[in-house]
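>>> How does the following fold in three dimensions:
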Amino acid sequence: MKLYIKYMVSIRCKMLVKEELKKLGLHYTTINLGEVEIMENITPEQRLQIQTSLLQSGLQLLDDKKAILIEKVKGVIIEMIHYSDDLPKTNFSDFLSEKLNYDYTYLANLFSETEATTIEHFIILHKIERVKELIIYDELNLTEIARKMHYSSVAHLSHQFKKITGLTPSYFKSLKHKKRSALENL
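As a prediction, this is how the structure comes out:
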C-alpha cells in the first residue's frame with residue numbers, strides 16, 4: 001500500500017518516516033521523497049495514527065489525488081536537483097512528463113493552479129538553492145557550477161542568482177554568514 005506524504009523533502013524526512021512507521025509496527029518496502037510503500041493494508045485507525053505522528057513532525061499524509069500529483073512533481077524536481085549528480089540531458093518538461101506519465105501542460109496548469117507559482121519558477125528556486133550549497137562547499141568554481149547545473153554560461157547563472165537572491169554569486173561567496181533556505185520552504 002502506498003502512502004503519500006507532503007513536505008517530505010530530505011533524507012532526514014525519510015529517516016523520520018522510517019522511525020514513525022517502526023513505532024507503529026508497520027513495515028515499508030520503499031521510501032522515496034513524498035511517498036512510502038508499506039507491506040500492510042492499514043485500518044482507518046492506523047491511518048489516523050500515522051497522520052497524527054507525521055503532523056507532529058511537520059509532515060502531512062495526503063489523500064487528494066491532485067495534491068498527491070503535485071507532491072510527486074515536487075519530489076521529482078527536488079530529487080533531480082538536490083540528490084542527483086547530474087541533471088537530465090533532456091529539458092525539464094520532457095523529463096517530468098516521462099517520469100510521471102502525464103502531459104506536461106496538464107502538470108504545469110495543475111501546479112500553477114494549486115501552488116500559485118509555475119513549475120519553471122519552482123525549478124529555478126531549487127537550482128539557485130543548490131548553487132548556494134555548491135558555493136558554500138567551495139569545491140567548484142562558478143564555471144564548473146554553471147556547467148553542473150546546466151546553465152548556458154556563468155553570466156546566465158549570475159543573472160538568475162541575482163534575480164532570485166538580490167546578490168551576485170561572488171558577493172554571496174564572500175559573506176561570512178551565508179543563508180540557505182529549507183527545501184520545504186521553497
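
>>> what's the closest non-adjacent residue to the most centrally placed residue in the chain?
Closest to where the C-alpha atoms of the chain average out (C-alpha atoms, centre = their mean) is Ile78, at 2.7 Å. Nearest residue to Ile78 in three dimensions, chain neighbours excluded: Val9, at 5.4 Å (C-beta to C-beta, 6 or more residues apart in numbering). Any C-beta I mention is one placed from the backbone N, CA and C, and that applies to glycine too.

>>> Which secondary structure state does the one you found sit in?
Secondary structure state of Val9, per DSSP: H, G, I helix; E, B strand; the rest coil, is coil.

>>> right, and it touches His126 too?
No. Taking contacts as C-beta atoms under 8 Å, Val9 lies outside contact range of His126: 9.9 Å.

>>> Please identify which of those two sits among more neighbours.
Val9 (25 against 20; other C-beta atoms under 10 Å).

>>> And the pLDDT at the more buried one?
Note on Val9: pLDDT of 86.

>>> Now it, what are its backbone angles?
phi -120, psi 10 (degrees, to the nearest 10).
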